[in-house]
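here's my sequence, what's the structure:
(2 chains)
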Amino acid sequence: MFAFLLKRVAYLLPTFFGITIVAFGFIRILPGDPVLLMAGERGLSPERHAQLMQQLGFDQPIWAQYLTYLGNLLQGDLSTSIVTKRPVLSEFLTLFPATVELSLCAILIAVMIGVPAGVLAAMRRGSLLDQAMMGTALVGYSMPIFWWGLLLIIFFSGMLQWTPVSGRISLIYFFPQVTGFMLIDSLLSGQKGAFGSAVSHLILPAIVLGTIPLAVIARQTRSAMLEVLGEDYIRTARAKGLSPFRVVGLHALRNALIPVVTTIGLQVGVLLAGAILTETIFSWPGIGKWMVDSIFRRDYPAVQGGLLMIAGLVMVVNLLVDLLYGLINPRIRHV
Amino acid sequence: MRYALCGAVAAALALTAIGTASAKTLVYCSEGSPEGFDPAPYTAGTTFDASSKPVYNRLVEFERGTTKVIPGLAESWTVSDDGLEYTFKLRPGVKFHTTDFFTPTRDFNADDVIFSFERQMDKDSPWYQYTPGISWEYFNAMSMPDLIKDIVKVDDMTVKFVLTRPEAPMMANLAMDFASIMSKEYADKLAADGHKEMLNQQPVGTGPFQFVAYQKDAVIRYHANPDYWGGKQPIDDLIFAITTDASVRQQKLLAGECQVMPFPNPADIASLKSNANLTVMEQEGLNIGYFGYNTQQPPFDKREVRKALNMAINKQAILEAVYQGSGRIAINPIPPTMWSYNKSIKDDPYDPATAKKMLDEAGVHDLKMKIWAMPVQRPYNPNARRMAELIQADFAKVGVTAEIVSYEWGEYLKLSKDVKRDGAVLLGWTGDNGDPDNFLAVLLGCDAVGGSNRAQWCNKEFDDLVQKAKVTSDVEERTKLYEQAQVVFKREAPWATIAHSVVFMPMSKKVQNYKMDPLGSHRFDGVDIAQ
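Residues are numbered from 1 along each chain as shown, chains lettered A, B, ... in the order given. Purely as a prediction, here's the structure:
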């Protein structure tokens, strides 16, 4: 197992190096530069433009800028945002817990509903229930997040007034951010009603962000279950007179879960992409919204730092998924 | 990090202590996050709304709801006869904010004024580069480094600005956000603590509200300054709930989660107006959307051709399709709310037949040209692509074939400045300080050719009038000069003036005494809320 882990980590190193190049190059491929955008319609003289580019270090050849970036990175320095003038790492870490909290709740909703729905649909293959569930999943998968989010806000927050419109907690609560996770901080604050408010603010954004992963997981679970349910050992288990619950829950689902876990792991990337829109709609102060703002402002250090951190996160999650296979299916450890 | 956390804990405790029972709180659904809380390094209105407007004062201020310059931290001032020396008598007894992170030991004085400007103009100042990559863009854009020769402390409560040349808009410049007065004592403390960067994160000013806490991209909290020299504010707490999407801001307003929202979607104005719980204030923005020809390239170097094309544009149709009712046809290059606006000037009529005839007479046949459409949405032009399509269709009616081009915004701004640019650009401008010079000299002056003068238009008669007005301190005389300059502009037609946008501000009926700012900022001093 340890050798397996070492091998996987060794694979990550060149990937991480590649990501530094992509993260560095991506924002520079876009036309326009931060100084021009900062000046806007007001404009600035070519001399002033050159002066500011020099001040920011953007007058250097690209390779020199990259080497500086890499050098700083090896010392754990993601540089300073050219807009807010604050360290990129500090900005990222301030906002990251909000995105993690939202993403975890979204994936929780997606798994808790998606897996049982997929199992049920597989067990009742071809039935009205199966068709209804898979049809709903297809609709969920095709739903534009922006439109879906606004629709839920208008209906649940505007018309029914069941949930708040946006934000992470009601403005009447004010306490220091200890962990950055609002659910935990609200509990730590000891303020009455704060936790409930944090939960109510999380419901709609988590549903919106979890919709696409839910649809994907439900469909994947169904097809994996269908494959497994046709296997000989399932027939044997049934012939032995095991209860349908044991057949499905113990024998079929465990084997069907392997591709499902892969899918869940892949959803991390989907969640982070979805977070960009979800966070914008729900005024959720996370890294998705921050990245979009940074791209629009051509905040090179923020974009390259943010991309690197996100890519690193996806890599770590994929590594964990690989390790999880080993737990679900011991044979994989020896491959 | 520990520094910020301690501040937040203390602020939370303080607010809990303050926030008992009947505190009046106003929640403003702001449209974006401030870049920082030191206004001088930035140029965005969103940043000024959150920093300079609530937290700071300037020597002189814009009167709420107008562009009139009134005393601020300076009680009075005198200008020397040659217009080169401005002497300010400072207001005594003004206190800087007492917060959890700073307790002032002295009142505001001349040292604070000198510090606030010196850090922007003196490259040797330890505050010139107090945080990595900082620059003083507005100070530079308003030509302050060339204009200010010296700032002299006459005594503790008197400061003299010595200029290199007479500059009539100087007072308006000093009312701008970059001229906000910081506490030198606070800056010295931060420097001693090794935390200079906190000047941009935890602001201390003399303004109507004091900063309490900022949760990045989510909420900014302020508390009314109990020692404010202008009197305590009617509300106790001011909260900015950062909500970037206009539809969501509207839902929050409707749900009572905030009481004021800026920048509604134009399509939603009618429904907001019909809501019995809301008031929708409106005001013409201090801006202009224009279509600027390159007057140095044939055939646009001919006045008759520019005039003819202007007459081919159906502005009313543009107003309906692009501004959806939130605009007014522009006649002059400055908005009607600005002093010296020349009301006697008539717009070129929409007359395609005459336009075609004029083009024929000018010897222009089968003209092919480019229309540059901005890739971004701005209040002065909410949909440049649509506007370009409408102009393209109008031009087709007079035999002109137009091709629409667009570039990434940064590239657009850069390429459109080129004197050899091919085609006419759609662009606009929002005023900085309410002075006509800020439109006429900046956008149409000879010095701005190859820069912000996108028409590349240098007309001696116009330029002489504007330059003369710039060094004339008598407002009546300046008004006459600017009125004449507008006549020359209309006659020469370097632009087709398209529209001035109308700015809408929906708010709860409970909000009292809010005044819309012609300069486009959002101020909450003097605002009350019914409970």
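
for chain A, what are the nearby residues on the stretch 51-200 of chain B?
B:131-135, B:137, B:140-141, B:197, B:200 (Cβ under 8 Å from any Cβ of the partner chain). (Each C-beta comes from the backbone N, C-alpha and C, glycine too.)

among those residues, which are in helices?
Taking DSSP state H, the ones among these that sit in helices are B:137, B:140-141.

mind telling me the two of the residues of the stretch 51-200 of chain B next to chain A farthest from one another?
B:141 and B:197 (23.9 Å; Cβ to Cβ).

does residue B:149 sit in a helix, a strand or a coil?
Three-state call for residue B:149 (DSSP: H, G, I helix; E, B strand; the rest coil): strand.

and residue B:185, by the same measure?
Using three-state DSSP, the structure places residue B:185 in helix.

count of neighbours near it?
Here the number of neighbours of residue B:185 (other Cβ atoms under 10 Å in any protein chain shown) works out to 21.

name all residues that make contact with the closest residue to it other than its chain neighbours.
Nearest residue to residue B:185, sequence neighbours excluded (Cβ to Cβ, 6 or more residues apart in numbering or on different chains): residue B:104, at 5.9 Å. By Cβ atoms under 8 Å, 6 or more residues apart in numbering or on different chains, the contact set of residue B:104 is B:95-98, B:183, B:185-186, B:204.

ok, now which ones touch residue A:42?
Here residue A:42 is in contact with B:43, B:141, B:442, B:452 (Cβ under 8 Å, 6+ apart).

next, count neighbours for the third one.
Meaning residue B:442. Residue B:442 has 23 nearby residues by other Cβ under 10 Å.

so which strand or helix has it?
Secondary structure from DSSP states H and E places residue B:442 in helix B:437-444.

what's the angle between the helix or strand that comes right after that helix and helix B:437-444?
Using DSSP H and E, the next helix or strand after helix B:437-444 towards the C-terminus is helix B:460-470. Helix B:460-470 and helix B:437-444 are oriented at 150 degrees to each other (axes from the mean of the first three to the mean of the last three Cα atoms, to 10 degrees).

what are the buried residues along the very next helix or strand once past helix B:460-470?
Next along the chain after helix B:460-470, taking DSSP H and E as the criterion, comes helix B:475-492. Neighbour counts over helix B:475-492 (16 or more other Cβ atoms under 10 Å in any protein chain shown) mark B:478-490, B:492 as buried.

got the CA coordinates for helix B:475-492 in PDB?
The C-alpha coordinates for helix B:475-492 follow below in PDB (Å, rounded to 0.1, in the frame of the first residue of the first chain):
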ATOM      1  CA  VAL B 475     -17.200  81.100 -12.700                       C
ATOM      2  CA  GLU B 476     -19.400  83.300 -14.800                       C
ATOM      3  CA  GLU B 477     -16.600  84.000 -17.200                       C
ATOM      4  CA  ARG B 478     -15.700  80.300 -17.300                       C
ATOM      5  CA  THR B 479     -19.400  79.500 -18.000                       C
ATOM      6  CA  LYS B 480     -19.400  81.800 -21.100                       C
ATOM      7  CA  LEU B 481     -16.200  80.300 -22.400                       C
ATOM      8  CA  TYR B 482     -17.500  76.700 -22.000                       C
ATOM      9  CA  GLU B 483     -20.800  77.700 -23.700                       C
ATOM     10  CA  GLN B 484     -18.900  79.000 -26.700                       C
ATOM     11  CA  ALA B 485     -16.800  75.900 -26.800                       C
ATOM     12  CA  GLN B 486     -19.900  73.800 -27.000                       C
ATOM     13  CA  VAL B 487     -21.100  75.800 -30.000                       C
ATOM     14  CA  VAL B 488     -17.800  75.200 -31.800                       C
ATOM     15  CA  PHE B 489     -18.100  71.500 -30.900                       C
ATOM     16  CA  LYS B 490     -21.600  71.200 -32.300                       C
ATOM     17  CA  ARG B 491     -20.600  73.000 -35.500                       C
ATOM     18  CA  GLU B 492     -17.500  70.800 -36.100                       C
END
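
report how many residues lie close to the residue in the stretch 401-531 of chain B that chain A sits nearest to.
For the stretch 401-531 of chain B, the residue closest to chain A is residue B:410, as judged by Cβ to the nearest Cβ, at 2.4 Å. The tally of other residues near residue B:410 (other Cβ under 10 Å) stands at 21.

residue A:40 now?
18.

that older thread, dump the residues of the stretch 51-200 of chain B next to chain A to CSV, plus pLDDT and neighbour count.
Listed next are these as CSV, based on pLDDT from 0 to 100; neighbours: other Cβ atoms under 10 Å in any protein chain shown:
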residue, pLDDT, neighbour count
B:131, 85, 19
B:132, 78, 17
B:133, 77, 18
B:134, 84, 23
B:135, 85, 21
B:137, 80, 22
B:140, 85, 21
B:141, 80, 20
B:197, 92, 20
B:200, 95, 23
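
between those, which sits nearest residue B:349?
Nearest to residue B:349 out of these is residue B:141 (Cβ to Cβ; 36.9 Å).

quick one: pLDDT of the residue lying closest to residue A:280 once chain neighbours are set aside?
With Cβ to Cβ, 6+ apart as the criterion, residue A:280 has its nearest non-adjacent residue at 5.4 Å, and that residue is residue A:289. Per-residue pLDDT puts residue A:289 at 86.

what comes up buried for the host helix or strand of residue A:289?
Using DSSP H and E, residue A:289 falls within helix A:287-296. Within helix A:287-296, the residues that count as buried by 16+ other Cβ under 10 Å are A:287-295.

okay if I get those residues as CSV plus distance to residue A:58?
Converted to CSV, the buried residues of helix A:287-296 look like this (distance: Cβ to Cβ, whole Å):
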residue, distance to residue A:58
A:287, 24
A:288, 26
A:289, 25
A:290, 21
A:291, 20
A:292, 21
A:293, 19
A:294, 15
A:295, 16
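
since that was my last question, I'll sign off now.
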